[in-house]
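Visitor: sequence? don't have it. structure:
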């Protein structure tokens with residue numbers, strides 16, 4: 001390892017083999033105890049901790065300097081490694097200590113805004129404001145080290161599979177890809193704008209036309225979208241594209257990436273990853289990113305309840321409504337009335353009026369108990385509910401029932417502690433190609449407009465039956481998070497033109513928005529496809545956190561602010577003038 005001019009050891013690198021050695025260590029004072037002429041300093045750097053002591057074995061100057069040290073002062077200590085009289089089994093270096101011959105204060109700090117010992121709950125905004133202090137905590141440093149190791153492992157694996165890492169532009173053309181673009185005004189070309197890339201989608205397709213055959217990039221992407229715990233406005237993808245491949249080829253390659261990452265960071269080897277259709281995922285789990293670590297799967301009851309005596313169920317089934325239920329094993333006692341009321345409120349955010357529930361405890365109790373004995377018996381038989389279980393039923397429009405009950409299933413499992421540890425993966429395939437925009441009534445691409453339909457469905461383009469088409473697309477889900485998504489791309493310019501026409505783009509509009517891709521496709525495009533991993537989200541799972549900000553060095557808040565650097569911030573009007581833009585006051 002490269003040595004520094006003064007430091008002989010890192011704090012965490014000591015062992016009993018070093019006893020008697022003359023050493024020099026540098027780091028931060030994590031703990032300070034002055035005990036009347038004897039001082040104990042716990043010195044920390046990224047490698048770990050080591051105890052430094054000044055006592056009768058130390059010169060008077062070293063003892064005096066040690067008494068001036070406060071928390072998080074930066075120190076240089078020279079001394080001799082000795083065996084500790086009272087070993088600390090909780091520290092890897094707990095068998096030894098450094099008896100200081102000199103203590104030099106390299107840097108001081110004022111009183112800290114929060115304690116760095118990790119035992120105190122700290123307001124997240126305060127942590128982000130002082131991120132340079134927050135990042136001193138071993139938990140975050142370990143996360144960043146895991147991120148580094150993961151990136152290296154991915155590069156090694158893809159290199160072994162003959163991939164070439166190619167950088168693509170950051171200042172590019174604004175193209176409609178789903179989320180809002182971040183725009184950058186051009187000083188040289190007044191009134192014209194660059195966009196920051198939501199993904200390198202078009203460029204990686206062009207690289208396939210260029211004959212690069214196998215491309216990857218660990219790349220920064222930008223999307224101006226509503227944020228949540230597992231999203232950031234700027235994020236990192238492992239971006240992959242290959243020529244002359246099928247869906248199965250891409251899935252095999254991406255599964256290999258997962259195996260490499262889990263083996264490198266956790267020492268685990270994921271087993272075979274099952275594949276389910278989008279339709280199956282929605283039917284069984286209500287979501288296209290199902291958490292399959294636990295049961296409580298949905299059961300469709302629309303036909304069974306078509307003649308229900310309940311006016312609430314009848315109203316919910318009117319005009320194309322559906323009925324679905326799931327069973328919470330032993331939930332009759334586990335779920336309190338307060339909890340059930342909270343779950344009723346929970347589903348309202350997804351457009352549902354509420355839920356119908358029933359506890360199977362001798363005679364049924366709850367709203368479902370109002371059904372007749374025959375209906376209850378049929379309901380129990382269809383769902384598999386037995387004595388002591390809780391049945392939760394939703395009735396309404398499919399676009400509300402599927403996500404509402406899907407999210408509720410996860411919330412119930414979380415609230416009742418029913419989600420086991422570990423990881424469960426599944427591939428979801430055969431997504432719809434198009435869906436209707438409820439406002440305009442026009443077809444929209446479910447993924448993006450470069451996604452190829454399944455070959456057998458291409459003939460449906462332009463027939464009015466586009467809603468029946470399935471895409472040659474695939475997502476990899478882990479523990480309810482989509483961690484990878486991709487598709488086989490359209491390489492035939494005629495098919496691409498028909499897809500653009502389906503989503504309402506005229507030839508002129510398609511050329512204006514995507515002309516450089518269309519021109520490339522006309523010049524000998526190979527069949528190609530690929531995928532992109534959400535790298536931040538993968539690292540979040542590997543590090544055992546549910547907050548993506550814990551695995552990013554300098555993240556933004558949920559309102560897309562950097563509290564440390566105070567970005568975004570006002571810009572001088574003169575600078576705006578150079579860019580030919582100005583601020584407009586909100587009304």
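Guide: Looks like it arrived, so ask away. Because the structure is predicted, anything quoted here is derived from the model rather than measured.

Visitor: And the helices in the stretch 51-200 of the chain, which stretches?
Guide: 60-66, 124-129, 131-134, 138-160 (DSSP state H, counting those that start in this stretch).

Visitor: which stretches of the stretch 101-250 of the chain form strands?
Guide: Ranges of strands within the stretch 101-250 of the chain are 164-165, 183-185, 193-195, 214-222, 234-243, based on DSSP state E, counting those that start in this stretch.

Visitor: what's the answer for the stretch 301-450 of the chain, then?
Guide: Going by DSSP E, counting those that start in this stretch, the stretch 301-450 of the chain shows strands at 322-328, 356-360, 364-365, 390-396, 425-429, 434-436, 443-445.

Visitor: Please name whichever of the helices of the stretch 51-200 of the chain is nearest to residue 101.
Guide: With distances scored as CB to CB, the stretch of the helices of the stretch 51-200 of the chain nearest to residue 101 is helix 60-66 (5.9 Å). Just so you know, the C-beta spots here come from the backbone N, C-alpha and C atoms, and that holds for glycine as well.

Visitor: and the closest one, which residues are buried?
Guide: 62-63, 65-66 (16 or more other CB atoms under 10 Å).

Visitor: hey, where'd the helices end up in the stretch 301-450 of the chain?
Guide: Applying DSSP H, counting those that start in this stretch to the stretch 301-450 of the chain gives helices spanning 311-317, 331-334, 337-348, 373-383, 398-415.

Visitor: any idea which of those helices is most buried?
Guide: helix 398-415 (a mean of 20; mean count of other CB atoms under 10 Å).

Visitor: pLDDT at residue 176, what is it?
Guide: What the model reports for residue 176 is a pLDDT of 63.

Visitor: wait, I meant residue 91
Guide: 95.

Visitor: so how far is residue 259 from it?
Guide: Look at residue 91 and residue 259: by CB to CB, to the nearest Å, they are 34 Å apart.

Visitor: Turn the strands of the stretch 101-250 of the chain into a markdown table, columns for mean pLDDT, distance to residue 490 and mean neighbour count.
Guide: Putting the strands of the stretch 101-250 of the chain into a markdown table (pLDDT from 0 to 100; distance: least, CB to CB, whole Å; neighbours: other CB atoms under 10 Å) gives the following:
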| stretch | mean pLDDT | distance to residue 490 | mean neighbour count |
| --- | --- | --- | --- |
| strand 164-165 | 98 | 23 | 13 |
| strand 183-185 | 95 | 27 | 14 |
| strand 193-195 | 94 | 22 | 17 |
| strand 214-222 | 97 | 18 | 21 |
| strand 234-243 | 97 | 13 | 23 |
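
Visitor: out of those, which comes closest to residue 466?
Guide: Using CB to CB, the strands of the stretch 101-250 of the chain put strand 234-243 closest to residue 466, at 25.9 Å.

Visitor: That closest one pairs with which strands, and in what direction?
Guide: Here strand 234-243 has these sheet partners by DSSP bridges: strand 214-222 (antiparallel), strand 528-534 (antiparallel).

Visitor: Can you give the contact residues for the longest one?
Guide: When you say that, I think you mean strand 214-222. Here strand 214-222 makes contact (CB atoms under 8 Å, 6 or more residues apart in numbering) with 151, 154-155, 158, 161-168, 170, 181-182, 196-200, 204, 207-208, 233-243, 530, 535.

Visitor: rewinding a little: any chance of the strands of the stretch 101-250 of the chain in JSON lines, plus distance to residue 143?
Guide: As requested, the strands of the stretch 101-250 of the chain are exported to JSON lines (distance: least, CB to CB, whole Å):
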{"stretch": "strand 164-165", "distance to residue 143": "24"}
{"stretch": "strand 183-185", "distance to residue 143": "30"}
{"stretch": "strand 193-195", "distance to residue 143": "30"}
{"stretch": "strand 214-222", "distance to residue 143": "17"}
{"stretch": "strand 234-243", "distance to residue 143": "14"}
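
Visitor: Select, out of these, the one closest to residue 142.
Guide: strand 234-243 (18.2 Å).

Visitor: Distance from the lowest-mean-pLDDT helix or strand in the chain to the middle of the chain?
Guide: For the chain, using mean pLDDT, DSSP states H and E, the weakest element among its helices and strands is helix 507-521, scoring a mean of 89. Here helix 507-521 is found 32 Å from its chain centre; the criterion is CA atoms, centre = their mean, to the nearest Å.

Visitor: Now it: buried residues?
Guide: Buried, per 16+ other CB under 10 Å, within helix 507-521: 510, 513-514, 517-518, 520-521.

Visitor: got a list of what residue 410 touches?
Guide: 291, 419, 480.

Visitor: likewise residue 151?
Guide: 218, 535.
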